[in-house]
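Asker: Mind looking at a prediction? Sequence and model below.
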Amino acid sequence: DSGVTQTPKHLITATGQRVTLRCSPRSGDLSVYWYQQSLDQGLQFLIQYYNGEERAKGNILERFSAQQFPDLHSELNLSSLELGDSALYFCASSPESDRTVSGANVLTFGAGSRLTVL
Amino acid sequence: GNSVTQMEGPVTLSEEAFLTINCTYTATGYPSLFWYVQYPGEGLQLLLKATKADDKGSNKGFEATYRKETTSFHLEKGSVQVSDSAVYFCALSDQTGANNLFFGTGTRLTVIP
């Protein structure tokens, strides 16, 4: 158990629908990251939050949004779902926001939420 | 920009064989480099890391050396086991401050008894 908890583990929904994925970071970690893993795109960084504020943005679609709450858990909202959104969505957490010289700010990943859009 | 190029898989080896998975990178400045492993049905786990040139990361018999002159971070293990079967990802975090990782495409390793 990595200490990063993601729910649900599996989710099947239809095109056009909206889903919310939840992530609880490892105890003490202030940064949360979302990644999408698909067969054709590999692992893509979506977005990072640090202590409730957006810190960095990657290849996140406008139909997707995220937030980090005061208790540091994060939610990734995916709307107007398309077939191509089917993927594994990983959450990761780290203690700090930025890369450290020592490389100590290592990401710890959760087990992922598998989304299937039919 | 930042990118990681990783050896295409899948790789199939017999138990106790020598493993090399090649990884090269493009980045500005001096990135930190990582190898993550993903076992079936699980999330990614950090295997090893190196934060500056000539650093060697090692863990569980795996090693990788940060080579700035060849922009490489090849993963090696002298004698693989069936339990090493997994997907291996090379990754970098750049110097721009934000800590997000750029991943290679992953290499699936299968070790047969």
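Answerer: Now that the structure is in, tell me what you want to look at.

Asker: How about the residues of chain A by chain B?
Answerer: A:2, A:4, A:31, A:33, A:42-43, A:45, A:48, A:55-56, A:58, A:90, A:92, A:94, A:96-99, A:101-103, A:105-112 (C-beta under 8 Å from any C-beta of the partner chain). All C-beta atoms are positioned from the backbone trio N, CA, C, and that covers glycine.

Asker: at 6 Å what do you get?
Answerer: Neighbours of chain B within chain A, by C-beta under 6 Å from any C-beta of the partner chain: A:33, A:42-43, A:45, A:48, A:56, A:98-99, A:103, A:105-106, A:109-112.

Asker: interface residues of chain B facing chain A?
Answerer: Going by C-beta under 6 Å from any C-beta, the residues of chain B near chain A are B:32, B:42-44, B:46, B:49, B:51, B:93, B:97-100, B:103, B:105.

Asker: Would you convert the residues you listed into TSV that also reports distance to residue B:8, secondary structure and pLDDT?
Answerer: Listed next are these as TSV, based on distance: C-beta to C-beta, whole Å; DSSP: H, G, I helix; E, B strand; the rest coil; pLDDT from 0 to 100:
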residue	distance to residue B:8	secondary structure	pLDDT
B:32	24	strand	89
B:42	22	coil	85
B:43	23	coil	87
B:44	19	strand	91
B:46	23	strand	93
B:49	23	strand	92
B:51	27	coil	87
B:93	23	strand	85
B:97	32	coil	61
B:98	29	strand	66
B:99	28	coil	72
B:100	24	coil	79
B:103	15	strand	91
B:105	8	coil	91
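
Asker: and the two most separated of these?
Answerer: Of all pairs drawn from these, the widest gap by C-beta to C-beta lies between B:42 and B:97 and measures 29.8 Å.

Asker: what about these two, which has more around it?
Answerer: residue B:42 (14 against 11; other C-beta atoms under 10 Å in any protein chain shown).

Asker: For that one, which residues are in contact?
Answerer: Residue B:42 sits next to residue A:111 when contact means C-beta atoms under 6 Å, 6 or more residues apart in numbering or on different chains.

Asker: One more: residue B:6?
Answerer: Contacts of residue B:6 by C-beta under 6 Å, 6+ apart are B:23, B:90, B:104, B:105, B:107.

Asker: One more pass at 8 Å, please.
Answerer: By C-beta atoms under 8 Å, 6 or more residues apart in numbering or on different chains, the contact list for residue B:6 reads B:21, B:22, B:23, B:89, B:90, B:104, B:105, B:106, B:107.

Asker: Same check on residue A:82?
Answerer: So residue A:82 contacts A:15, A:117 (C-beta under 8 Å, 6+ apart).

Asker: How much space separates it from chain B?
Answerer: Look at residue A:82 and chain B: by C-beta to the nearest C-beta, to the nearest Å, they are 23 Å apart.

Asker: Can you pull the phi and psi angles for that residue?
Answerer: Main-chain dihedrals, residue A:82, degrees, to the nearest 10: phi -120, psi 160.

Asker: next one: the helix or strand where residue B:25 lies to chain centre, how far?
Answerer: Per DSSP states H and E, residue B:25 falls inside strand B:23-26. On the basis of C-alpha atoms, centre = their mean, to the nearest Å, strand B:23-26 sits 10 Å off its chain's mean C-alpha point.

Asker: Next secondary structure after it?
Answerer: With DSSP H and E, the next secondary element past strand B:23-26 is strand B:32-38.
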